[in-house]
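> Here's a sequence, model it:
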Amino acid sequence: MMDNNTFHKIPVTFYDESYNKYQNEVMNLLRFIRLFHPVSIVNPERFNRFERQAEKVCHEMKDVKDLQHFQFALNSLLAILEDAHTYIIPEGGLIYPFEIRYYEGCFYLYAIDSKYPDFTGKEIVSINGIPVKNIRSAMRKAMPSENEVKAGLWGFYLNRKAFLHQIGVDTSKGVCLGFHDGNSLLFESETENRSGWHQVKFPPYPVTVKRDDLFSYQIIDDKCYLQFNAMYDLQSYLQLCQITGTKVENSYLNFLPSFFDFIDKMDYDIKQHQIWKLVVDMRYNGGGNSMLGDQLLQYFGVDTDSISKYKTFVRKSDFLFKCMPDFYDCSKCKSEELIPMGDFENLHSLPKIKNRFEGKVIFIQGQNTFSSANYLLTTIMDNHLFPTVGTPTSQKPTCFGDVLPVELPYTGTKGYISHSFFERPDVNRNEDDCLYPDFHIPMSMDERLKGVDKCWEWIETNMLNE
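Model prediction:
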């Protein structure tokens, strides 16, 4: 899986002068999805449901004049695809004066007007009297997701009136948040002002606190802790520029680190300190280029050419070729609409890692482990390479992905649409809705507020103190 941040305006293939811009946008997007997204080939029945619903949404947009309402309606339509990579980015605007976040099965108040500092961190059990369980079920249908974890992670939109309307919450009298301790707060109106808000503070766990680096490591006693936060580096950026035909920016050359060089430096320190235990924390990793995962496995002594791999198929389209001219050679591609990734001669691999770590390895995963990070851990799981601990991820292992950033022509709405399909190595588990770790280590909100990291404590006790 790869990242790309240049937005491409999709072609106009539908226009009806009797429709408003929102109706034309819905029907034009339907035609684009039919020709660009793999779903119409991989799961025709699901696409047929999407097509029928698009016609209903088009009718519902007849009298709509609010852009946010339209954009959340589009996301609800895209949710039918069951593709967490394909979604619309809602415009900013008025919000209710609070922020909600999701953590391992519950919603909590992340930030609020400074008048209510004692409420941050509290678990929310209802919104306008509707139990959170029902809210989460509605969110599953309202935002693109592949499981309940991903649906919950969209919780930061729960301060938007248009989104609350989309999930069936009546806001005519405001928004009332009910808390686990029996207290409640009522917000009668929206605001533009976000300054001076009080935000929840989580005591940092000394070892595993999230760092700003794409990847970093530290030697702790007899262990090396590798925090792998993003699968993106200098080489993957240059590869992306080559594929998309875009100019290499000097600013990126100056600040992007090389994962290849990073592994070399870490390996040197590991050998200097005679370290034989290595922990890879991927709880903050939202993906990037999956080839960095191959490099990491090579460092751990895995022959990436001989293990069972993902099967990757790209939806062949003129528009994709136009946006990524060096991604594949149209003249050499087979006539099939789904092209196996093995046919992509123009896609150069990243340099192979020569150093080797021969000690014990364990991976940590969590709710924010997504896209290429999920891809790597699924490869590890299906090949029985290394143990994993943590909580379920927010993505199906067999999934759509490799997004193209797009702009819709009638409204200027931006979003991401997948052009590839990924089938996990163990095809017998294709229907799994998330990746479960070998050892499930749940953690409550109260523990997080106390600065506890049960995954790290479990590793020290059970895996690495031998």
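> I figured Pro38 hits Ile339, correct?
No: assessed by CB atoms under 8 Å, Pro38 is found out of contact with Ile339, at 10.4 Å. Every C-beta, even on glycine, is put in place using the N, C-alpha and C of the backbone.
> how many neighbours does Leu292 have?
Neighbours of Leu292 under the rule other CB atoms under 10 Å: 26.
> Tell me the pLDDT of Asn465.
Asn465 carries a pLDDT score of 52 in this model.
> what residues are up against Glu146?
Glu146 is in contact with 82-84, 394-396, 399, 433-434, counting by CB atoms under 8 Å, 6 or more residues apart in numbering.
> just the helices in the stretch 101-250 of the chain please.
For the stretch 101-250 of the chain, applying DSSP state H, counting those that start in this stretch gives helices covering 132-142, 148-153, 161-166, 234-244, 250-255.
> Identify whichever of these lies nearest to Met61.
Proximity to Met61 (CB to CB) singles out helix 161-166 among the helices of the stretch 101-250 of the chain, at 13.0 Å.
> So what touches the closest one?
Contacts of helix 161-166 (CB under 8 Å, 6+ apart): 66, 68-69, 71-73, 75-76, 90, 94, 96, 127, 142, 157-158, 171, 175, 190.
> Pretty sure Lys122 sits against Tyr108.
Yes: with contact defined as CB under 8 Å, Lys122 reaches Tyr108; the gap is 6.3 Å.
> What ranges in this structure fall below the confidence cut-off?
1-5, 327-336, 342-348, 463-466 (pLDDT under 70).
> How many neighbouring residues does Thr378 have?
Neighbours of Thr378 under the rule other CB under 10 Å: 24.
> cool, and Arg194?
11.
> got the buried residues for the helix or strand containing Met27?
Assigned by DSSP states H and E, Met27 belongs to helix 21-36. Neighbour-count burial for helix 21-36 flags 21-33, 35-36 (criterion: 16 or more other CB atoms under 10 Å).
> just stretch 229-245 next, same as before
229-240, 242-244.
> so which of these comes closest to Val57?
Proximity of the buried residues of stretch 229-245 to Val57, judged by CB to CB, is greatest for Thr244, which lies at 31.4 Å.
> Am I right that that closest one is in contact with His8?
No: counting by CB under 8 Å, Thr244 stays clear of His8, with 9.6 Å between them.
> Pull up the overlap in contacts between the two.
Common neighbours of Thr244 and His8, using CB under 8 Å, 6+ apart, are Cys323.
> Which parts of the stretch 301-450 of the chain are helices?
Using DSSP H, counting those that start in this stretch, helices in the stretch 301-450 of the chain cover 318-323, 372-382, 445-449.
> Please produce JSON lines containing these, extended by distance to Gln365.
Below are the helices of the stretch 301-450 of the chain laid out as JSON lines (distance: least, CB to CB, whole Å):
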{"stretch": "helix 318-323", "distance to Gln365": "31"}
{"stretch": "helix 372-382", "distance to Gln365": "6"}
{"stretch": "helix 445-449", "distance to Gln365": "16"}
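> Please name whichever of those helices is nearest to Asp303.
So among the helices of the stretch 301-450 of the chain, helix 372-382 is nearest, using CB to CB, at 12.7 Å.
> chain center to that closest one: distance?
14 Å (CA atoms, centre = their mean, to the nearest Å).
> ok, and what's touching it?
Contacts of helix 372-382 (CB under 8 Å, 6+ apart): 1, 228, 231, 282, 285-290, 292-293, 296-297, 307-310, 363, 365, 369, 385-386, 388, 393, 395, 397, 399, 401, 422, 424-426, 429, 435, 438.
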